[in-house]
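Engineer: Pasted the sequence and its predicted model underneath.
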Amino acid sequence: MQTQAPKDQLWTRAFVLLTIVQTMDLLTFHTITPVIAKFSLLQGAALAASGMAASVFSFAAVFARPTSGLIADRLGRRSVVLASIAVSAVMQACYAFVPGFIPLLVLRVVHGFFYALFGTAISALALTVIPESRANEGMGWFGSAYVIAAIIGPAMGVAVSDAFGFTALFLITAAFSAVSFPLAILATTDIPAHRPARMGMHLPKLSELVSTRCIPLAGIASCFMASWGIIASYIVLVGEWRGVAGISLFFVVNSLTLFVTRPAIGKITDRHGLRRLILPAIAIEAIALLGICFAHQLWLFLAAGCFKAFGSGGVLPSIQAECGRLETKERAGVAMSTYLLGSDIGYAVGPLIGGMLADAVGYEYLLFGTLPITAIALTIYVVWRMREKAAN
């Protein structure tokens, strides 16, 4: 007689395989992103336009995000994940033989659109296999896929393209996607079938595209990601301007700390609830940002990177899990797309804000722009909690 797994078991075959599939998808993204501008130059792009191959991918993902949850919920999350992996593999194989810059941009738009669909659908699937009692811990481990990919991907992309050329690089990343396809099939065979909602002929309403319950949390995530976007884009330049050698170690220390903090903070959140952790996370985030703003020595930058991993970086997977909890299982895709749209917008807007601050106040003070953004996150949280208490 086959024994059933305990109801609170986290490390099921489905969860492990979904996490591996998520890691492989993010790995291909982080492998290609740092070198795509250089590849664009080889395809005939002007220097000023070389960044478009990265930009159009991001804009396509942001454009797709509002509809990605509705598509996943209506067409079936498993189908969307498998279709997105297949398209991703084909697009990356096509990069290897693309005949010019304009065709490359077309491929990047299609790839970016399906990348957004994949992220929403696989996050919704992960929430269905994670026990309710361990939702935050589970999403913490699931979110660690980003950390692993961010550490390995950029170095691998540069090393492989320099040693073997771009054709080899894109075929390797396409192979990663192809390998993840059967893994995704195995993962989803253990997941109870999700009966998609019937597709109507009407244009979707705003409420069908966005979860109003998740908007406050998505707003907080957006603020956190906007601050990170500023830091990720300009901390190297700021460090060099301040004469700090080895400033790139900030990202290594932050990523390694995130790998530990995300599951640990998830466990704490499962025990005490997200609402008790957001305020401490914002406070730690503010301390980290102040350290970055005033740092003129490498050790202080690195310490601030650790603190940031305990602040916004550690709590973001729990915010994502809470968004899933706020909606019904039938609308898990919409909940995920709302959260991810907030994150996407924040990460896209952050560098723009940093650029304007660099022009206005110079490198010395541009990082101070992260502080009012964090204050906005605090305001959103306070208003959200007040409305929750008033409703109860």
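Structural biologist: Nice, I can see it. None of these values were measured; they are calculated from a predicted model.

Engineer: from here on, contacts and neighbour counts on C-alpha atoms
Structural biologist: Fine.

Engineer: mind giving me the domain ranges of the protein?
Structural biologist: 13-193, 210-391 (automatic domain parsing).

Engineer: Please produce CSV containing these, extended by mean pLDDT and mean neighbour count.
Structural biologist: Below are those laid out as CSV (pLDDT from 0 to 100; neighbours: other CA atoms under 10 Å):
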stretch, mean pLDDT, mean neighbour count
domain 13-193, 90, 21
domain 210-391, 90, 20
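
Engineer: Take those and write them to TSV, including distance to residue 204.
Structural biologist: Formatted as TSV, the domains of the chain follow (distance: least, CA to CA, whole Å):
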stretch	distance to residue 204
domain 13-193	9
domain 210-391	10
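
Engineer: list the contacts for residue 33?
Structural biologist: Each residue near residue 33 by CA atoms under 8 Å, 6 or more residues apart in numbering is listed here: 54, 154.

Engineer: Kindly provide the distance from it to residue 53.
Structural biologist: Look at residue 33 and residue 53: by CA to CA, to the nearest Å, they are 9 Å apart.

Engineer: same question, residue 154
Structural biologist: 16 Å.

Engineer: ok, now residue 11?
Structural biologist: From residue 11 to residue 53 the distance is 38 Å (CA to CA).

Engineer: ok, now residue 242?
Structural biologist: 31 Å.

Engineer: Restricting to C-alpha, output stretch 329-336 in CSV.
Structural biologist: Taking C-alpha atoms only, stretch 329-336 is exported to CSV below (Å, rounded to 0.1, in the frame of the first residue of the first chain):
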residue,chain,number,x,y,z
LYS,A,329,-6.6,29.2,-6.4
GLU,A,330,-8.4,29.8,-9.6
ARG,A,331,-6.9,33.3,-9.8
ALA,A,332,-3.4,32.3,-8.7
GLY,A,333,-2.0,33.3,-12.1
VAL,A,334,-3.6,36.8,-11.8
ALA,A,335,-2.1,37.2,-8.3
MET,A,336,1.4,36.3,-9.6
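
Engineer: So which residues make contact with it?
Structural biologist: 66, 68-70, 72-73, 77, 120-121, 123-124, 127-128, 208-211, 214, 320, 323-324, 326-327.

Engineer: and after the helix or strand containing residue 315, which helix or strand comes next?
Structural biologist: Assessed by DSSP states H and E, residue 315 sits inside helix 312-326. The C-terminal neighbour of helix 312-326 among helices and strands, as given by DSSP H and E, is helix 332-361.

Engineer: Let me see the contact set for the closest residue to residue 259 other than its chain neighbours.
Structural biologist: In this structure, residue 259 finds its nearest non-sequential neighbour in residue 144, 5.6 Å apart by CA to CA, 6 or more residues apart in numbering. By CA under 8 Å, 6+ apart, residue 144 lies in contact with 258-259, 262-263.

Engineer: from these, which ones fall inside strands?
Structural biologist: Among the contacts of residue 144, the subset assigned to strands under DSSP state E is empty.

Engineer: Throw the residues you listed into CSV and include distance to residue 90, thanks.
Structural biologist: What follows is these, written out as CSV (distance: CA to CA, whole Å):
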residue, distance to residue 90
258, 32
259, 31
262, 33
263, 34
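
Engineer: ok, of these, which one's closest to residue 176?
Structural biologist: residue 259 (22.1 Å; CA to CA).

Engineer: Would you check that the closest one makes contact with residue 147?
Structural biologist: Yes: counting by CA atoms under 8 Å, residue 259 does reach residue 147; the two are 6.3 Å apart.

Engineer: what's the distance between the residue lying closest to residue 314 once chain neighbours are set aside and residue 281?
Structural biologist: Nearest non-adjacent residue to residue 314, counting by CA to CA, 6+ apart: residue 262, 4.6 Å away. Separation of residue 262 from residue 281 (CA to CA) stands at 12 Å.

Engineer: Which neighbours do these two have in common?
Structural biologist: With CA under 8 Å, 6+ apart, residue 262 and residue 281 have common neighbours residue 315.

Engineer: give me every residue that touches the residue nearest to residue 314.
Structural biologist: Residue 262 touches 137, 140-141, 143-144, 313-315, 317, counting by CA under 8 Å, 6+ apart.

Engineer: got it, and residue 267?
Structural biologist: Counting by CA under 8 Å, 6+ apart, residue 267 has contacts 134, 136-137.

Engineer: closest to residue 166 among those residues?
Structural biologist: For the contacts of residue 267, the nearest to residue 166 is residue 137 (38.0 Å; CA to CA).

Engineer: Distance check, that closest one against residue 145.
Structural biologist: 13 Å.

Engineer: Identify the residues contacting residue 56.
Structural biologist: 105, 108-109, 112.

Engineer: for stretch 375-389, the distance to its chain's centre please.
Structural biologist: Relative to its parent chain, stretch 375-389 has a centroid offset of 23 Å by CA atoms, centre = their mean, to the nearest Å.

Engineer: Alpha carbons only: can I get it in PDB?
Structural biologist: Provided in PDB are the C-alpha atoms of stretch 375-389 (Å, rounded to 0.1, in the frame of the first residue of the first chain):
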ATOM      1  CA  ALA A 375       9.500  55.900   2.500                       C
ATOM      2  CA  ILE A 376       6.900  55.400  -0.200                       C
ATOM      3  CA  ALA A 377       7.000  51.600   0.500                       C
ATOM      4  CA  LEU A 378       6.500  52.400   4.200                       C
ATOM      5  CA  THR A 379       3.500  54.700   3.400                       C
ATOM      6  CA  ILE A 380       1.900  52.000   1.300                       C
ATOM      7  CA  TYR A 381       2.200  49.500   4.000                       C
ATOM      8  CA  VAL A 382       0.800  51.800   6.700                       C
ATOM      9  CA  VAL A 383      -2.200  52.700   4.600                       C
ATOM     10  CA  TRP A 384      -2.800  49.100   3.600                       C
ATOM     11  CA  ARG A 385      -2.700  48.000   7.300                       C
ATOM     12  CA  MET A 386      -5.000  50.800   8.400                       C
ATOM     13  CA  ARG A 387      -7.600  49.800   5.700                       C
ATOM     14  CA  GLU A 388      -7.300  46.200   6.700                       C
ATOM     15  CA  LYS A 389      -8.000  47.000  10.400                       C
END
